[in-house]
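>>> Below are the sequence and a predicted model; questions follow.
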Amino acid sequence: MTPRLARVVLALGVAIFVTVASLSTLVALWEFNQHQGLDNAYFVQRVWQFVWMEEPFRTLILQESGQGILRGKHVAPILLLFAPTQRFAPGIESLELLHVVLFGLTALPAFGLGRRLLGDDRGGLLLAGLWLCSPMTWVLATHDFRTMTLGGVALVLLHWAMSTGRLGIVALAAALACACREELP
């Protein structure tokens, strides 16, 4: 298999995953078939307040001390990366779709890891395909927006970077994992 063909197959797999998972996520969202609807609203509220610099009269979680991205019930600075999408496309849909895209893109480090472990592009495609077809990946990507699940995206990147000795990416992936939620490390 040529490297170009492997890249085309990988890109096609990611595109199919993102398309199908996005449609599934949006249908579940619009049919109110969410498992963690309160959590979705909680994350939208936190990012919304950060973007528009508004102080809430009441938070969704009454025992919460503080508000916003850094002072909420949980520390999740990763939400800063979602602020631009919320600014231009407010609502849970933008958070959910970006969440799905990030999970789809984790097929790239999975491909690199498979290629490194199994020695060729077919091994990389096998591992990337297994990652995208895994029921666990599907559930994490499509069942509600959660900062904790985004840690999985960072950990796949971290594992690939560690296997290739790319220390800068290791540091970035570790920082992203730590930014997902305070107890993740």
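In hand now; what should we look at? Given the structure is predicted, the values throughout are model-derived calculations rather than measurements. Residues are numbered from 1 along each chain as shown.

>>> make it CA atoms for all contacts and neighbour counts henceforth
Noted.

>>> Can you report how many residues lie near the nearest residue to residue 6 once chain neighbours are set aside?
If the residues on either side of it in the chain are set aside, residue 6 comes closest to residue 121, at 6.2 Å by C-alpha to C-alpha, 6 or more residues apart in numbering. When neighbours are counted by other C-alpha atoms under 10 Å, residue 121 registers 22.

>>> going forward, begin numbering at 50 instead of 1
Understood, numbering begins at 50; the last thing we discussed is residue 170.

>>> For residue 170, give me the pLDDT.
What the model reports for residue 170 is a pLDDT of 94.

>>> what's the answer for the one 4 residues further on, then?
With respect to pLDDT, residue 174 scores 96.

>>> you'd agree it is up against residue 55?
Yes. Contact criterion C-alpha atoms under 8 Å: residue 174 and residue 55 qualify, at 7.1 Å.

>>> more crowded one of these two?
residue 174 (24 against 17).

>>> what comes up buried for the longest helix belonging to the chain?
When the chain is parsed with DSSP state H, its longest helix is helix 52-79. By neighbour count with 16 or more other C-alpha atoms under 10 Å, helix 52-79 contains the buried residues 55, 59-60, 62-63, 66-68, 70-71, 74-75, 77-78.

>>> quick one: contacts for the residue nearest to residue 55?
Residue 170 sits next to 50, 52, 55, 160, 163, 164 when contact means C-alpha atoms under 8 Å, 6 or more residues apart in numbering.

>>> make it 10 Å
Residue 170 makes contacts with 50-56, 59, 160-161, 163-164, 176, as judged by C-alpha atoms under 10 Å, 6 or more residues apart in numbering.

>>> if we take the residues you listed, which one ends up nearest to residue 146?
residue 59 (19.8 Å; C-alpha to C-alpha).

>>> which phi and psi does residue 194 have?
phi -80, psi 130 (degrees, to the nearest 10).

>>> what residue ranges in this protein are flagged as low confidence?
82-91, 101-123, 231-234 (pLDDT under 70).

>>> Helices along that one, start to end?
52-79, 86-101, 132-137, 141-154, 156-167, 170-182, 184-191, 196-213, 216-229.
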